[in-house]
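Peer 1: got a structure for you, letters missing:
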């Protein structure tokens, strides 16, 4: 806003202005804490369940902590199921998709943010509109297309069609407009730097925080995706984790014990990635919406 | 963190964009955006066109598709499963837009309270469900909602002496259960957007409102809501699009049952194509979904001006 001369200096932002917490404050903290528990409880319950003997998972009343903690579920899962194979496929696919996607999105975002060119408006709105194409619509023809052209192998099909998400390009474009000054680009050009080199050596490093955000987002999308792998992967040994667990889950004896252990193991990478890069992810996601 | 709106933006004048001066520069932007368009054409445009064509055929995946004109669409019209799927999907959309979006806004307002401690801890905690894979969410909730032994009924019993709710077997309650899972999964995610929007609202607007004697509610409706309009638009449209294509939750929790009462359109398409080999029919369902989602979201975008290339 305009520099307002009449407002008093901002109120002390750090301290609570009242010495005693008011009723409203207490209520606020209680509500937020109860909600936090509600968000976490199902997950904690699953973690706890993964350490319980099968009979105890469903015991009534619910045991918060396993009374006879055991690693049996994990041992059974890892010895009877190709869990590490699923894990390998999921992780590798997600990592490759993330690296490529971040690069493609940054390039396109840069193109849209820093150049004027013929057809820019149209091309941008085509890109943006593709956000509102429901995946279910292209599911059938995409499946047919890839299978008929012999590109239906999981490695290709799980990665290549997904490396240029419009959401990622939009996010990058927003960020580049805000954080890459034109002067820097001008200076590079005057020094005789080609466009691609400018992008690689000057723009990319400036984008590091938002690249982190996009990387986490892409990783989660890929690692957690379910419907597409369900359609395209038929071979159990090349299944992704969600598929493998789903097969276990739907099997005759509903192997809850194994599935819970698998669920916990499968979530470790995503939680780790999220916790390590949470600041960047949360702020990167927000930037697009706020400016958009 | 919050991009300060007070900064004298370095790139304030759009006319200051670098002007292309050599042929490399004029070709460069196209080279930068080309990879996206190649992938877009191959894996989105071609499938959409193929979908339109397939929807006019009868095809089981083998041999040549047989042209049948609009018959698939006519059949969809009278297919009670498709009706249920449409109605249910509409309900999921309504839950997303009318319940989850406002709840997220409230949550963000609470998290934005001045001097709140542990704000980031709360924010991160609420986001965690979004990080967990849908199959795992579904698995956990199918245990939570187990009629006899689940956490939900155990809690109801312990707190209110109630119990025995058939969470996933009763047609109405199953929809509630799926909505609850959606709420659990999405609320924290959407909160992030609102919170960012709130932190960008100039503080002096609130002070001005307070000087005018506005209470909490008054300043919420006359300062917060108008300032959040762009964010709300973005959140509402993305929630709409996600809810319109919901698949994982009903597929994994209820398999669409009991008797199609939780079936979604995306599930209907999946079932038609991959369980019944009716590729043409599935494609027609897809086209209907596409037309509805695309028109509604374009309408929203036009109306609210989201995603204009600045």
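Peer 2: Arrived safely. Computed from a prediction, not measured in an experiment: that's the story for all the values here.

Peer 1: number of nearby residues for residue 157?
Peer 2: Defaulting to chain A. Residue A:157 has 23 neighbours, counted by other C-beta atoms under 10 Å in any protein chain shown. C-beta coordinates here come from the backbone N, C-alpha and C atoms, glycine included.

Peer 1: that's the wrong chain, I wanted chain B
Peer 2: Residue B:157 has 16 nearby residues by other C-beta under 10 Å.

Peer 1: how far does the helix or strand where it lies sit from the chain's center?
Peer 2: For residue B:157, the host element (DSSP states H and E) is helix B:151-160. Relative to its parent chain, helix B:151-160 has a centroid offset of 30 Å by C-alpha atoms, centre = their mean, to the nearest Å.

Peer 1: same check, this time on stretch B:31-43
Peer 2: The answer for stretch B:31-43 is 25 Å, by C-alpha atoms, centre = their mean.

Peer 1: Can you spell out which helices and strands pack onto the helix or strand of chain A with the lowest mean pLDDT?
Peer 2: Using mean pLDDT, DSSP states H and E, helix A:54-57 stands out as the lowest-scoring helix or strand of chain A, at a mean of 79. Helix A:54-57 is packed against helix A:256-291, with contacts defined by 3 or more C-beta pairs under 8 Å, 6 or more residues apart in numbering or on different chains; DSSP states H and E.

Peer 1: What residues of the helix it packs on count as buried?
Peer 2: A:256-267, A:269-270, A:273-274, A:277-278, A:280-291 (16 or more other C-beta atoms under 10 Å in any protein chain shown).

Peer 1: Over the helix or strand following the helix holding residue B:157, what's the mean pLDDT, rounded is fine.
Peer 2: Following helix B:151-160 in sequence order, the next helix or strand is helix B:171-199 (DSSP H and E). Helix B:171-199 shows a mean pLDDT of 92.

Peer 1: all strands in the stretch 1-150 of chain B, in order from the N-terminus.
Peer 2: B:57-58, B:66-67 (DSSP state E, counting those that start in this stretch).

Peer 1: Pick the most buried one from those.
Peer 2: strand B:57-58 (a mean of 17; mean count of other C-beta atoms under 10 Å in any protein chain shown).

Peer 1: close to chain A, is it?
Peer 2: No - residues of strand B:57-58 are not located near chain A by C-beta under 8 Å from any C-beta of the partner chain, the shortest gap being 11.6 Å.

Peer 1: helices or strands up against that strand?
Peer 2: Using 3+ C-beta pairs under 8 Å, 6+ apart, strand B:57-58 sits against strand B:66-67, helix B:71-78, helix B:279-304.

Peer 1: 6 Å instead?
Peer 2: Strand B:57-58 makes packing contacts with strand B:66-67 when contacts are defined by 3 or more C-beta pairs under 6 Å, 6 or more residues apart in numbering or on different chains; DSSP states H and E.

Peer 1: Please name every helix or strand in contact with the strand it packs on.
Peer 2: Applying 3+ C-beta pairs under 6 Å, 6+ apart, we find strand B:66-67 packed against strand B:57-58.

Peer 1: Perfect, I'm done here.
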